[in-house]
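A.B. asks: Build me a model:
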Amino acid sequence: MPFLTTEDGCNIYYTTQGSDTATRVIIFLNGTTQTTLYWGATVPAFSKRFRLIYYDARAQGQSDLGANPISLKLHVADLKFLMTQLGIEKANLVGISHGARVALALAIENPDRVARLVLCSLGAHTSQRSRITVQSWLQLLRISGLEAMAWAALPAVFGENFLKQHENSLDMIVKAVVKRNRKKALLAQLDALLQYPPLEAVPVGFDRPILILTGAEDPLVPSEDAQRLADLCKAHHEHLSGIGHSIPAEAPRLFEELVLEFLKK
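C.D. replies: Okay, here's the model as predicted:
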């Protein structure tokens, strides 16, 4: 399996799809409990036009937890390391939730490394509801374990339509979350997430093309907060009805259509 070892000895898992000779690259960035498997359904739509890179951030999936404390700065350093090692000078970044926060942080720090950004389920601030939700996941994970935390997360990360349509398979979704996560690593991820610095400002002159996608049924990212982020970044914001926090999973065809149209411009 393909791994890259960072300077501090952390093994980062990645996989690629599409043509290695493609001049345009998309790097997909996972949400907190997700892995590269989350994006599997997107491969056919994007691989014909782009070289695709998927990776598990440290403490996710098949990547190591590492010895250093997790931070947003460390995640950005890992992403830059991945790009450098794979010979990618500039890429389109497509991230959801935590992955979107990392993508935006890299774009602000090194705008020359980013062509276009797609940020799913991200706002300008961490709402109090979102913060308390993450704290409740931490407590459940410590006291009752991964399965209890996964069940508790379902109504926060999926919209009503998805929950109704997948009522009979929710137990399978929970089992998948349990299988792809490790308790110690996830505790470190969630604890670090609560310590991330607020996104208070975007540098003057920041002009990367950005598409922000949010779900109308997402309790973690209020629409006004996402619009505030769009205003800060001079981004285009699409607020999608009937969809929750997990946009690519809940509406994969719509997600592909919007992202491809944005990247073709």
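A.B. asks: Nearest residue to residue 211 in space, please, no chain neighbours.
C.D. replies: residue 262 (4.4 Å; Cβ to Cβ, 6 or more residues apart in numbering). To be clear about C-beta, it is placed using only N, CA and C from the backbone, and glycine gets the same treatment.
A.B. asks: One more: residue 57?
C.D. replies: Closest to residue 57 by Cβ to Cβ, 6+ apart is residue 75, at 5.7 Å.
A.B. asks: how near is the one you found to residue 105?
C.D. replies: 8 Å (Cβ to Cβ, to the nearest Å).
A.B. asks: The two: who's more crowded?
C.D. replies: Legend: neighbour count by other Cβ atoms under 10 Å for residue 75 and residue 105, higher for residue 75 (24 against 18).
A.B. asks: wait, isn't the more buried one in contact with residue 100?
C.D. replies: No - using Cβ atoms under 8 Å as the test, residue 75 is too far from residue 100 to be in contact (11.8 Å).
A.B. asks: So which residues of the stretch 151-265 of the chain form helices?
C.D. replies: Assigned by DSSP state H, counting those that start in this stretch, the stretch 151-265 of the chain shows helices spanning 160-165, 170-180, 183-193, 223-233, 247-250, 252-264.
A.B. asks: got the CA coordinates for the shortest one in PDB?
C.D. replies: To tie it back to what came earlier, the one meant is helix 247-250. Provided in PDB are the C-alpha atoms of helix 247-250 (Å, rounded to 0.1, in the frame of the first residue of the first chain):
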ATOM      1  CA  ILE A 247     -23.200  16.400   1.100                       C
ATOM      2  CA  PRO A 248     -21.100  14.000  -1.100                       C
ATOM      3  CA  ALA A 249     -22.700  11.000   0.500                       C
ATOM      4  CA  GLU A 250     -26.300  12.300   0.600                       C
END
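A.B. asks: Does anything pack onto it? Which helices or strands?
C.D. replies: helix 160-165, strand 210-215 (3 or more Cβ pairs under 8 Å, 6 or more residues apart in numbering; DSSP states H and E).
A.B. asks: Now with 7 Å, please.
C.D. replies: Packing contacts for helix 247-250, counted by 3 or more Cβ pairs under 7 Å, 6 or more residues apart in numbering; DSSP states H and E, involve no helix or strand.
A.B. asks: quick one: that helix to chain centroid distance?
C.D. replies: 12 Å (Cα atoms, centre = their mean, to the nearest Å).
A.B. asks: Now do that helix: everything it contacts.
C.D. replies: Residues from elsewhere that reach helix 247-250 (Cβ atoms under 7 Å, 6 or more residues apart in numbering): 39, 42, 96, 120-121, 158-159, 162, 213, 215, 240, 243-244, 255.
A.B. asks: got a list of contacts for the longest helix along the chain?
C.D. replies: Ordering each helix of the chain by length in residues (DSSP state H) puts helix 128-144 first. Residues from elsewhere that reach helix 128-144 (Cβ under 7 Å, 6+ apart): 148-149, 152-153, 156, 183, 186-187, 190-191, 193-194, 219-220.
A.B. asks: Pull the number of nearby residues for residue 207.
C.D. replies: 10.
A.B. asks: if I look at it, how far off is residue 117?
C.D. replies: According to Cβ to Cβ, residue 207 stands 11 Å off from residue 117.
A.B. asks: now swap in residue 159 and tell me
C.D. replies: Taking Cβ to Cβ, one finds residue 159 at 23 Å from residue 117.
A.B. asks: got the contacts of helix 247-250 as TSV, with neighbour count and distance to residue 18 columns?
C.D. replies: As requested, these are exported to TSV (neighbours: other Cβ atoms under 10 Å; distance: Cβ to Cβ, whole Å):
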residue	neighbour count	distance to residue 18
39	23	12
42	21	11
96	28	20
120	30	20
121	27	25
158	24	29
159	24	30
162	23	28
213	27	22
215	27	27
240	20	26
243	25	26
244	28	29
255	23	17
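A.B. asks: nearest to residue 15, of the residues you listed?
C.D. replies: residue 39 (9.7 Å; Cβ to Cβ).
A.B. asks: Could you tell me the model confidence score at the closest one?
C.D. replies: Here, the pLDDT recorded for residue 39 equals 95.
A.B. asks: Report the contact partners of it.
C.D. replies: By Cβ under 7 Å, 6+ apart, the neighbours of residue 39 are 28, 54, 248.
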